[in-house]
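> Sequence unavailable; structure follows:
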């Protein structure tokens, strides 16, 4: 049986110092069937540039979308509306997941 698709939604606003470790923690997940939707919420720093460069050189099902600054809740909801997964996982742009996080949660579900 194949792994269910998990949609990871990351609202991004001015987290240039943190977003790379966050995205690396997504790539290191043992559950490999994921899409990652990064919603730039009108960042005024170089966060969006950093993310674009990262996804260019790192394999994965990445989706980057932009919106005018509207707040984290609206950015999350926008990301959810674009998701295709059976499950949705929320991840803040300055958080880091342990490697087995998604696998454990999917097995539990």
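Perfect, I can see it now. Keep in mind that this is a model prediction, so the values were computed, not measured.
> Show the contacting residues for residue 82.
37, 63, 65 (CB atoms under 8 Å, 6 or more residues apart in numbering). For every residue, glycine as well, the C-beta is placed using N, CA and C.
> Excluding sequence neighbours, find me the nearest residue to residue 36.
Distance criterion CB to CB, 6 or more residues apart in numbering; nearest residue to residue 36, sequence neighbours excluded, is residue 8 at 4.5 Å.
> Surely the one you found is in contact with residue 92?
No. Residue 8 lies out of contact with residue 92 (CB atoms under 8 Å); the separation is 11.2 Å.
> Tell me which of the two has more neighbours.
residue 8 (27 against 14; other CB atoms under 10 Å).
> out of the contacts of residue 82, which are buried?
Buried by 16 or more other CB atoms under 10 Å: 37, 63, out of those.
> can you put the contacts of residue 82 in CSV and add distance to residue 101, pLDDT and secondary structure?
Output for the contacts of residue 82, formatted as CSV (distance: CB to CB, whole Å; pLDDT from 0 to 100; DSSP: H, G, I helix; E, B strand; the rest coil):
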residue, distance to residue 101, pLDDT, secondary structure
37, 17, 98, strand
63, 20, 98, strand
65, 24, 98, strand
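> ok, residue 97 touching residue 29?
Yes. In this structure, residue 97 is within contact of residue 29 by CB under 8 Å, at 6.8 Å.
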